[in-house]
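Q: Here is the input, now give the coordinates:
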Amino acid sequence: MQAITYDEHALSLTDLPDPTPSDGEVLVEVAAAGVNNADLQQRQGNYPPPPGASEILGLEVSGTIRALGNGVSGWAVGDRVCALLAGGGYATHVVVPATQLLPVPDGVDLVEAAALPEAACTVYSNIGMLAGLRPGQTLLVHGGTGGMGSHAVLWAKALGATVIATSGGDRKVAASRALGADLVIDHRSEDFVACALDFTDGRGVDVVLDVVGPDYLARNLEVLAPNGHVAVIASGSGTEAPLPFGLLMRKRATISGTTLRARPLAEKAAIVEAVRYNVWPFVADGRVRPVVDAVLPLAEAGEAHRRMAAGEVIGKLLLQP
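A: Residues are numbered from 1 along each chain as shown. Predicted structure coming up:
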């Protein structure tokens, strides 16, 4: 197979041995791989793959099953799938635990489906399973045009929630509005706390999906409604911040922080199954769709990373072998 290998200087397309599925795994011929910020972090040495996982970049793919390992049931050679990975996606072929596969619904483009697994599993496990967002509640999404944020806006709206999104600059504000957010706040020129409190008549929001981390901790608690939940899925502003315990306790708030990649296989399987039951019907009927900025050839992975690092992307970048 061919795959992208890397060092501190460059990404290169390289010939590597073909992978073979072990028990409980399938071999997928890759139609496309999603590009995530985690891939950039891995290149910088900040997000290594968990023990036993592939060193190849890439946490999600779409494609076609080409072989089944022993013990796999419910899937067949030729099935159109997308998959959550611990690594290995930037390649022409990848082996995947069968429990981390999702079917690509009819009407969804096979290449574009690569934009779904990582976002769907991250978003649902945090704001669906942990925060328990319900119809009629209000969600605040930071980074409303990012890979996670764009999916969160679509899923929460399909669920029946009210959605407030923060975005930076006219282009991304317009994109958030086009996704269906009820209120879009330009974080470069507006105070999201004041705007969200005004929009909710002072009550605040029930759930915050946060990718900023320390710099937003106290402000996320300020904007939270009583009994609300802050779900932190990235910490772009650092690793430490003081916690305002008085505010936390007055709001009866909860805060969670998660990563997905290193979770045990059983936990990932449970998340994927929950996504298939609670998110995939919205994908099948078109209310949740892949949000794709561009599709680049696999050999141009370096350009994809440059665009990601520059903050130019709305939704997901995909790499096509």
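Q: and the gap between residue 214 and residue 261?
A: 21 Å (CB to CB, to the nearest Å). (C-beta placed from N, C-alpha, C; glycine too.)
Q: per-residue pLDDT, the nearest residue to residue 297 once chain neighbours are set aside?
A: Excluding its sequence neighbours, the residue lying closest to residue 297 (CB to CB, 6 or more residues apart in numbering) is residue 320, at 6.1 Å. pLDDT for residue 320: 98.
Q: Now do the contacts for residue 320.
A: 31-32, 111, 295-298 (CB atoms under 8 Å, 6 or more residues apart in numbering).
Q: Now intersect these with the helices, please.
A: Among the contacts of residue 320, DSSP state H puts none in helices.
Q: nearest to residue 118, of those residues?
A: When these are compared for distance to residue 118 (CB to CB), residue 32 comes out closest, at 12.7 Å.
Q: and that closest one, how many residues sit next to it?
A: Residues near residue 32, counting by other CB atoms under 10 Å, number 29.
Q: Quick check: which ranges of the stretch 151-300 of the chain have low pLDDT?
A: Along the stretch 151-300 of the chain, no part satisfies pLDDT under 70.
Q: that older thread, counting neighbours, go ahead and name the busier of residue 214 and residue 261.
A: Taking neighbours as other CB under 10 Å, residue 214 and residue 261 compare with residue 261 leading, 20 against 15.
Q: Not counting sequence-adjacent ones, nearest residue to that one?
A: residue 86 (5.6 Å).
Q: Scan the contacts of residue 320 and report the most crowded one.
A: Result: residue 32 is most packed of the contacts of residue 320 (other CB under 10 Å), 29 neighbours.
Q: That residue pairs with what?
A: residue 62 (DSSP bridges).
Q: That one and residue 51: what is the separation?
A: Distance from residue 32 to residue 51, by CB to CB: 27 Å.
Q: and what of residue 295?
A: Counting by CB to CB, the gap from residue 295 to residue 51 is 32 Å.
Q: What segments of the stretch 151-300 of the chain are helices?
A: Listed in chain order, the helices of the stretch 151-300 of the chain (DSSP state H, counting those that start in this stretch) span 170-179, 192-199, 217-223, 245-250, 265-278, 280-284.
Q: What lies in contact with the second one?
A: Read it as helix 192-199. 140, 142, 164, 166, 182-183, 185, 203-205, 219, 222-223.
Q: change it to 6 Å
A: Outside helix 192-199, the residues that touch it by CB atoms under 6 Å, 6 or more residues apart in numbering are 140, 164, 166, 183, 185, 205, 219, 222-223.
Q: wait, what's in contact with the closest residue to residue 200 other than its chain neighbours?
A: Residue nearest to residue 200 in three dimensions, not counting chain neighbours: residue 138, with 6.1 Å by CB to CB, 6+ apart. Applying CB under 6 Å, 6+ apart, we find residue 138 in contact with 162, 205-206.
Q: Most neighbours out of these, which is it?
A: residue 205 (26 neighbours).
Q: Which of the three states applies to the residue positioned nearest the centre of the chain?
A: The centroid of the chain falls nearest to residue 119 when counting by CA atoms, centre = their mean (2.3 Å). Of the three states, residue 119 takes helix under DSSP: H, G, I helix; E, B strand; the rest coil.
Q: So it is in contact with residue 147, correct?
A: Yes: applying CB atoms under 6 Å, one finds residue 119 in contact with residue 147, separated by 5.4 Å.
Q: so how far is residue 85 from residue 54?
A: 8 Å.
Q: Neighbour count for the two, which is higher?
A: For residue 54 versus residue 85, neighbours defined as other CB under 10 Å are more numerous around residue 85 (27 against 18).
Q: Wait, that one touches residue 59, no?
A: Yes: Residue 85 is within contact range of residue 59, at 5.2 Å (criterion: CB under 6 Å).
Q: end-to-end on stretch 258-269?
A: The first and final residues of stretch 258-269 sit 16 Å from each other (CA to CA, to the nearest Å).
Q: List the buried residues in that stretch.
A: Buried residues in stretch 258-269, counted by 16 or more other CB atoms under 10 Å: 260-261, 263, 268-269.
Q: same thing with stretch 43-57?
A: Result for stretch 43-57 [16+ other CB under 10 Å]: buried residues 43, 47, 49, 54, 56-57.
Q: Can you tell me which of those end up in helices?
A: residue 43.
Q: could the buried residues of stretch 43-57 go into TSV alongside distance to residue 25 and pLDDT?
A: Formatted as TSV, the buried residues of stretch 43-57 follow (distance: CB to CB, whole Å; pLDDT from 0 to 100):
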residue	distance to residue 25	pLDDT
43	26	93
47	23	91
49	16	94
54	12	95
56	15	97
57	19	98
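Q: now the strands: where do they sit in the stretch 101-250 of the chain?
A: All strands of the stretch 101-250 of the chain, identified by DSSP state E, counting those that start in this stretch, fall at 101-103, 138-142, 162-167, 183-186, 205-210, 224-232.
Q: and among the helices of the stretch 151-300 of the chain, the most buried is which?
A: Using mean count of other CB atoms under 10 Å, the stretch among these with the greatest mean number of neighbours is helix 217-223 (a mean of 20).
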